[in-house]
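**Student:** output the structure for:
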Amino acid sequence: MIKRIIFLVKILIILFSSNLFANVDNKIVITVEDEIITSYEVKNKVLTSLFLAKQDINQTKVDQFKKQSIELLIQEKLKIIELKKLNIKADNLRINTYLNSISSNNIKSLKNSFKKNNLDFDLFKKGIETQFMWQEFIYMRYKDKINIDEEIINKELTNSLNSKKNIKEVKLSEIEIRIDENLTIEKEVEKIRALIAKNGFANTAFTVSISPSAENKGELGWINSKSLSKKIVNIISKLKIGEISKPIISQNSILFLKLVDTRETRSEKVNLDEIKEKIINQKKNELFNLYSNSHLSKLRNTSFIEYK
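**Tutor:** Residues are numbered from 1 along each chain as shown. Just a heads-up that it's a prediction; the model follows:
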């Protein structure tokens, strides 16, 4: 714990000086088993995330984003260590398809944008490769558990069709944080509430949330309330528009939900095959995230992580 605190102080002093990263040397700041994380990687992760989120790059944003970036890099190294044990290769077609999707089918232009902003495109691409190989690994490792039972699909399909008759939708935003073992739950909640009060929900989500929605400032968009768990529906049903839920605590994280808006719409003609495919993909994604987070948590608990 002391090493972790010392490390974060070093990051503040060395990496995030008053002139951003101008004087950062390429030093090893963390070791994860036999993998290393350098100050250069941290710098590139922070600035790339801000660039892709189309955020202005300034000292305040850099300081706010550093902790999240370091956590993501540790997760990436843990994945790389696990993937080394297997003969899984990157699917270049899939990677290029993804890169095209975020660059308006112009990867060359994306590379030029990275270069223009002094960002390392190769590091960014390596992170994508790791994530896609990790997805393949999780599906292989837990394929028996990720398969969706036909009975469950049919039940969800029936529920979906019934809900289409009169669709109630909610527009939500979220902040999800990893539980800090150095703080009590009460202290964690107090800290997040203070950040929300000071910076607003959206900015707090962008700077501290570990959910993929952080890049969209926590916005989840419109969601059919029927697709949410009974627990979540019960929680948000007690909220007025603009209100934030009480903390929803799980084993490893704390979740805050904000009810942005509600609406009710009439259903149009439905395509059963499309709905069924959507249900299957949604269920698979839910199970994938469950087993991915669980496996990653086990790796973290059994790996040697040293903060220099």
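**Student:** list the neighbouring strands of whichever helix or strand Ile36 is part of plus their orientation.
**Tutor:** Applying DSSP states H and E as the criterion places Ile36 in strand 35-38. Strand 35-38 has the following strand partners under DSSP bridges: strand 28-32 (antiparallel).
**Student:** got a list of contacts for the partner strand?
**Tutor:** Strand 28-32 has contacts (CB atoms under 8 Å, 6 or more residues apart in numbering) with 7, 10-11, 15, 36-39, 42, 70, 73-74, 77-78, 81, 303-308. Yep, even glycine has a C-beta here, placed from its N, CA and C like the rest.
**Student:** using PDB, list the CA coordinates for the helix or strand following the strand holding Ile36.
**Tutor:** Counting by DSSP H and E, the next helix or strand C-terminal to strand 35-38 is helix 39-52. Only the C-alpha atoms of helix 39-52 are listed here, as PDB (Å, rounded to 0.1, in the frame of the first residue of the first chain):
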ATOM      1  CA  SER A  39       6.200   7.000 -18.200                       C
ATOM      2  CA  TYR A  40       6.000   7.400 -22.000                       C
ATOM      3  CA  GLU A  41       3.100   4.800 -22.100                       C
ATOM      4  CA  VAL A  42       1.200   6.700 -19.400                       C
ATOM      5  CA  LYS A  43       1.700   9.900 -21.200                       C
ATOM      6  CA  ASN A  44       0.500   8.500 -24.500                       C
ATOM      7  CA  LYS A  45      -2.500   6.700 -22.900                       C
ATOM      8  CA  VAL A  46      -3.700   9.900 -21.200                       C
ATOM      9  CA  LEU A  47      -3.300  12.200 -24.300                       C
ATOM     10  CA  THR A  48      -4.700   9.600 -26.700                       C
ATOM     11  CA  SER A  49      -7.800   9.100 -24.600                       C
ATOM     12  CA  LEU A  50      -8.300  12.900 -24.400                       C
ATOM     13  CA  PHE A  51      -7.700  13.200 -28.200                       C
ATOM     14  CA  LEU A  52     -10.200  10.500 -29.100                       C
END
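**Student:** strands of this structure, start to end?
**Tutor:** For the chain, the strands defined by DSSP state E cover 28-32, 35-38, 167-178, 219-224, 248-249, 253-265, 305-307.
**Student:** mind putting those in CSV, distance to Ile275 included?
**Tutor:** Shown next, in CSV, are the strands of the chain (distance: least, CB to CB, whole Å):
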stretch, distance to Ile275
strand 28-32, 42
strand 35-38, 43
strand 167-178, 12
strand 219-224, 11
strand 248-249, 28
strand 253-265, 16
strand 305-307, 44
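**Student:** let me have these in a markdown table, extended by mean pLDDT.
**Tutor:** Output for those, formatted as a markdown table (pLDDT from 0 to 100):
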| stretch | mean pLDDT |
| --- | --- |
| strand 28-32 | 94 |
| strand 35-38 | 94 |
| strand 167-178 | 90 |
| strand 219-224 | 90 |
| strand 248-249 | 90 |
| strand 253-265 | 90 |
| strand 305-307 | 91 |
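**Student:** for Leu157, which of these is the nearest?
**Tutor:** Set against Leu157 and scored by CB to CB, the strands of the chain come closest in strand 219-224, at 13.5 Å.
**Student:** show me what counts as buried in that closest one.
**Tutor:** For strand 219-224, a neighbour-count test (16 or more other CB atoms under 10 Å) marks Glu219, Leu220 as buried.
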